[in-house]
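Undergrad: Fold the following.
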Amino acid sequence: MKLFIDIVGWVGALGILLAYGLLTTRRIAAGSRAYQWLNALGSIGLIANGAWNGAYPSVFLNGVWLVITFYAVAEARRTT
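TA: Next up is the predicted model:
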């Protein structure tokens, strides 16, 4: 199980880094679904890994990150 949780955490970290890299290089927009999904899935992966390992500051940070992502998705749906 530990190996699975580690993989989930690494995939989460890569998802957030990929989202940020693509945003920084202007390959995706901040409001795009791809950016929001990469952030959401990345946060979920890091929350799972942090919770398993007792890294609660990381869990908190990624929980807030996830809430912000869900807010952005909801706002995009509301305004379109």
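Undergrad: Run the chain-centre distance for the host helix or strand of residue 36.
TA: In this structure, residue 36 sits in helix 33-53 according to DSSP states H and E. Centre-to-centre, helix 33-53 and its host chain are 4 Å apart (C-alpha atoms, centre = their mean, to the nearest Å).
Undergrad: helices or strands next to it in the packing?
TA: Contacting helix 33-53 under the criterion 3 or more C-beta pairs under 8 Å, 6 or more residues apart in numbering; DSSP states H and E are the following elements: helix 2-24, helix 56-79. Backbone N, C-alpha and C define where each C-beta goes, glycine included.
Undergrad: Out of those, flag the one nearest residue 33.
TA: Nearest to residue 33, of all the helices and strands packed on helix 33-53, is helix 56-79, at 8.0 Å by C-beta to C-beta.
Undergrad: Could I get the CA-only coordinates of that closest one as CSV?
TA: What follows is helix 56-79, C-alpha atoms only, in CSV (Å, rounded to 0.1, in the frame of the first residue of the first chain):
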residue,chain,number,x,y,z
TYR,A,56,-0.7,17.7,7.7
PRO,A,57,0.7,21.1,6.6
SER,A,58,0.9,19.6,3.1
VAL,A,59,-2.7,18.2,3.4
PHE,A,60,-3.9,21.6,4.5
LEU,A,61,-2.2,23.5,1.7
ASN,A,62,-3.4,21.1,-1.0
GLY,A,63,-6.9,21.1,0.5
VAL,A,64,-7.0,24.8,0.1
TRP,A,65,-5.6,24.5,-3.4
LEU,A,66,-8.3,22.0,-4.2
VAL,A,67,-11.1,24.3,-2.9
ILE,A,68,-9.7,27.2,-5.0
THR,A,69,-9.7,25.0,-8.0
PHE,A,70,-13.3,23.9,-7.5
TYR,A,71,-14.2,27.6,-7.0
ALA,A,72,-12.5,28.5,-10.3
VAL,A,73,-14.4,25.7,-12.1
ALA,A,74,-17.7,26.7,-10.6
GLU,A,75,-17.1,30.4,-11.6
ALA,A,76,-16.2,29.4,-15.1
ARG,A,77,-19.4,27.4,-15.5
ARG,A,78,-21.5,30.2,-14.0
THR,A,79,-20.1,32.9,-16.3
